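J.: Sequence isn't available, so here's the structure alone:
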Ligand SMILES: Nc1ncnc2c1ncn2[C@@H]1O[C@H](COP(=O)(O)OP(=O)(O)O)[C@@H](O)[C@H]1O
Ligand SMILES: [Mg+2]
C-alpha cells in the first residue's frame, strides 16, 4: 500500500517535473527561434545588398534631416542661453552732454530699483570695439566725426524687470534712445519655438516616409517568401511565428538606418566644427557644437527601430492576410 | 470513437459552386482509406476541410470527438500540428536542405535543436533518404522529392496523415512504393487518408475506398479488385 503510494507520488513528481522541464524546453526553443530568426533576418538583409542598402540609406537620410535640424535648434538655444543671463539695456546719451551730466546720469541709473550694475561706454570705446569685432574700423576713419554716441549698459537684476526699467530710463534727461536686447532674444525664442515645431513636423513626415519604405521592402520580402509562408502555415506555424522574421527585418532596417544616420550626423558635426570654432573665436565665445551624445545615439536607435518595426508590422498585417491558408 | 467523422458536410465556395454535398463518413483511429473520384469531384476540397484550409458551409466535422467548427482561428495552427499532409506538388522549399525542409514542422512547434535532429533523421530513415539530408531537394528525383514530402508530413508523429494525389507525377513502380510507405504508417497506428484518381493502383491496395462524384459520396467500401 505504502509502496504504491510512494510510487504514484514518485511518478506524479516526475510528471510535474516533466511538465516544468517541457515548459522550460519550450521557453528555450522559443528564445532559440528568436535568435535564429534574428540571425537569418540579418543574413537575408545582407544577401540582397542593393535593395537593403537602398532601404537603409533612405531611412538614414530621413532620420538625419530632422535630427540635424534638432541639433541646430538645440545648439542655438544653448548659445542664446548664455546671452539670456546678460540681458542688457543699452542707454544712448544725447550728443554733446557734459561730463558732469553724464556722471549724474550714471548715478541716477545705478539708483533705479532692480538695477544690478551700470557700465559706461564712451563713444571712443564703442568705436574701438566696433573696429575689433568687425574689421571695418578703417571705414570709420573717413568720417569727420565719431558717429557713435556715448552710452551706458544697464544690467537688470531680473530679466522680467527689464521692460519697466526701459520705460523709466526713457523719461530721464539726456537719454536719446533706449534699447532692450531682450527683444531680439524674444524673437530668437520664437524662432527656436518654430524650429522645434519644424523638427516635429519634419520628423513626423519623414517618419511616415520611413514607415512606407520599410513597409514596401517587407511587402517585397513577403512576396518572395510566399511559398515558405504557405508551407509554414500548413505545418502549424502560428501567425506570430510567420510574422516574426519580417518584424525582425523591419527592426533591423530601422536600427541600421539609425546607425548610418548617427554616422552622418557625426560627420556633419566635424565638418561644421572648423567654421564654428572660427566664428566663436570672432565673438570671443566659448561656444562649440554639441553633438548627439550617447543619449542622442540611443534615442536615435530607439526611434529608428520603432519606426522600422511599425512599418514591418503594418506591411505584415496587410499582406499576410492575402496568403492562403489563413 | 472515430478519429475522423464527417457529418453531412457541405462546402459551397464563394463562387457559389457546391464542391461537397452533405458528405458523411467515419474513419477509426489507425484506419487507412483512399478517396477517389473524377477530377473536380471534391477530393481536394474534402482534404482542405480536414486541414481547416477551408471551413464547411454546413454540417459538422469531428476529429477525435472534437467539433472543428467550434475551433477558433487562433487554435488552428495547433490543430494542424496533429495532422500531416502530403501534396501532389510536394511544396518543398528549394532555398534549404532536405533536412531543413523536414525539420520545418518541428521548428514551428518549438522543438529543441537536439530533438529536431533525432526526429528528422528518424523520419528520413523511414522513407529511405537518410543519406540525402544535406542535399537540396531540387537535386532529387520526383520520387525522392515526394518521399521528402512524406517525411515532412510524419516527422512530428501526427495522428492523422493526409495525402492529395501523392503519386500524381510518378510512374507505376514509384507510385506503388509510395503507397506501400503510407501503409507502413498505418501499421504504426496513424489514420491515413489518401486522395487519388489512380483507380488501378488503389484497387490493388485492397483497402477501403470512398468515391466522390460531383461532390457527393457515391460509394464507400473495401476495394473489389486487386486479384
Ligand atoms: N477556391 C475555389 N473556389 C471556387 N471553386 C473551387 C475552389 N476550389 C475548388 N473549386 C471547385 O470545386 C470543385 C472541386 O474541386 P476539388 O476539390 O479540387 O476537386 P478534385 O480534387 O476532386 O479534383 C471543382 O469544380 C473546382 O473547380
Ligand atoms: Mg484535387
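T.: Everything's here; your move. Small disclaimer: the values here were computed from a predicted structure and weren't measured. Numbering: from 1, shown residues only, chains lettered A, B, ... in the order given. Ligands and ions are numbered 1, 2, ... in the order given.
J.: in chain B, which spans are helices?
T.: B:43-50, B:76-80, B:98-109, B:113-126, B:142-154, B:172-187, B:199-204 (DSSP state H).
J.: Pull out the buried residues from the shortest one.
T.: In this case it means helix B:76-80. B:76, B:77, B:79, B:80 (16 or more other Cβ atoms under 10 Å in any protein chain shown). For every residue, glycine as well, the C-beta is placed using N, CA and C.
J.: on contacts alone, who are the packing partners of it?
T.: helix A:226-234 (3 or more Cβ pairs under 8 Å, 6 or more residues apart in numbering or on different chains; DSSP states H and E).
J.: So what's the gap between the helix or strand that the helix it packs on is followed by and the chain middle?
T.: Following helix A:226-234 in sequence order, the next helix or strand is helix A:239-282 (DSSP states H and E). Chain-centre distance of helix A:239-282: 12 Å, with Cα atoms, centre = their mean, to the nearest Å.
J.: thinking again about what came up before, now the two most distant members of the buried residues of helix B:76-80.
T.: B:77 and B:79 (7.3 Å; Cβ to Cβ).
J.: Turn the helices of chain B into a markdown table, including distance to residue A:292 and mean pLDDT.
T.: Supplementary listing: the helices of chain B in a markdown table, determined by distance: least, Cβ to Cβ, whole Å; pLDDT from 0 to 100:
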| stretch | distance to residue A:292 | mean pLDDT |
| --- | --- | --- |
| helix B:43-50 | 55 | 95 |
| helix B:76-80 | 44 | 94 |
| helix B:98-109 | 40 | 95 |
| helix B:113-126 | 41 | 94 |
| helix B:142-154 | 50 | 93 |
| helix B:172-187 | 62 | 91 |
| helix B:199-204 | 71 | 88 |
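J.: right, so of those, which gets closest to ligand 1?
T.: Counting by Cβ to the nearest ligand atom, ligand 1 lies closest to helix B:43-50 out of the helices of chain B; the figure is 3.2 Å.
J.: What residues does chain B have near chain A?
T.: Contact residues, chain B versus chain A (Cβ under 8 Å from any Cβ of the partner chain): B:48, B:51-53, B:73-74, B:76-81, B:85, B:91, B:93, B:95, B:104-105, B:107-113, B:152, B:156.
J.: 6 Å instead?
T.: Residues of chain B found near chain A (Cβ under 6 Å from any Cβ of the partner chain) are B:53, B:77, B:80, B:81, B:91, B:93, B:104, B:105, B:108, B:110, B:112.
J.: which of the residues you listed count as buried?
T.: For these, buried by 16+ other Cβ under 10 Å: B:53, B:77, B:80, B:81, B:91, B:93, B:104, B:105, B:108, B:110.
J.: Show the contacting residues for the most centrally placed residue in chain B.
T.: By Cα atoms, centre = their mean, chain B has its centre lying nearest to residue B:162, at 1.3 Å. By Cβ atoms under 6 Å, 6 or more residues apart in numbering or on different chains, residue B:162 lies in contact with B:47, B:50, B:85, B:193.
J.: which residues does the last one bridge with?
T.: I take that to be residue B:193. Taking DSSP bridges as the rule, residue B:193 bridges to residue B:33, residue B:162.
J.: same question, the third one
T.: For residue B:85, the residues forming beta bridges with it (DSSP bridges) are residue B:162.
J.: Just the pLDDT at it, thanks.
T.: Per-residue confidence at residue B:85 stands at 94 (pLDDT).
J.: So what's the residue count around it?
T.: For residue B:85, the neighbour count with other Cβ atoms under 10 Å in any protein chain shown is 24.
J.: who's in contact with it?
T.: By Cβ under 6 Å, 6+ apart, residue B:85 lies in contact with B:51, B:153, B:162.
J.: Can you tell me the centre-most residue of chain A?
T.: Centroid-nearest residue in chain A, with Cα atoms, centre = their mean: residue A:70, separated by 4.1 Å.
J.: Give me the secondary structure label for the closest residue to that residue other than its chain neighbours.
T.: Of all residues not flanking residue A:70 in the chain, residue A:199 sits nearest, at 4.6 Å (Cβ to Cβ, 6 or more residues apart in numbering or on different chains). With DSSP: H, G, I helix; E, B strand; the rest coil as the basis, residue A:199 sits in helix.
J.: Look up how far residue B:147 lies from residue B:192.
T.: Noted for residue B:192: a distance of 15 Å to residue B:147, by Cβ to Cβ, to the nearest Å.
J.: More neighbours: which of those two?
T.: Per other Cβ under 10 Å, whichever of residue B:192 and residue B:147 has more neighbours is residue B:147, with 26 against 22.
J.: Quickly list what residue B:18 is bridged to.
T.: Beta bridges link residue B:18 to residue B:12 when assigned by DSSP bridges.
J.: Residue 25: neighbour count?
T.: With no chain named, the answer covers chain A. Counted with other Cβ under 10 Å, residue A:25 comes out at 16.
J.: The chain in question should be chain B.
T.: Residue B:25: 18 neighbours (other Cβ under 10 Å).
J.: who does it bridge with?
T.: In beta-bridge terms (that is, DSSP bridges), residue B:25 pairs with residue B:6.
J.: Distance-wise, check it relative to residue B:150.
T.: 24 Å.
J.: Also residue A:72?
T.: Residue A:72 is 65 Å from residue B:150, by Cβ to Cβ.
J.: the more surrounded of those two?
T.: residue B:150 (25 against 16).
J.: That one contacts residue B:86, correct?
T.: Yes - counting by Cβ atoms under 6 Å, residue B:150 does reach residue B:86; the two are 5.4 Å apart.
J.: Not including adjacent chain positions, what is the nearest residue to the one residue in the stretch 51-200 of chain A that gets nearest to ligand 1?
T.: Of all residues in the stretch 51-200 of chain A, residue A:51 sits closest to ligand 1, at 33.1 Å by Cβ to the nearest ligand atom. Spatial nearest neighbour of residue A:51, chain neighbours left out: residue A:217 (6.8 Å); criterion: Cβ to Cβ, 6+ apart.
J.: Many thanks, have a good one.
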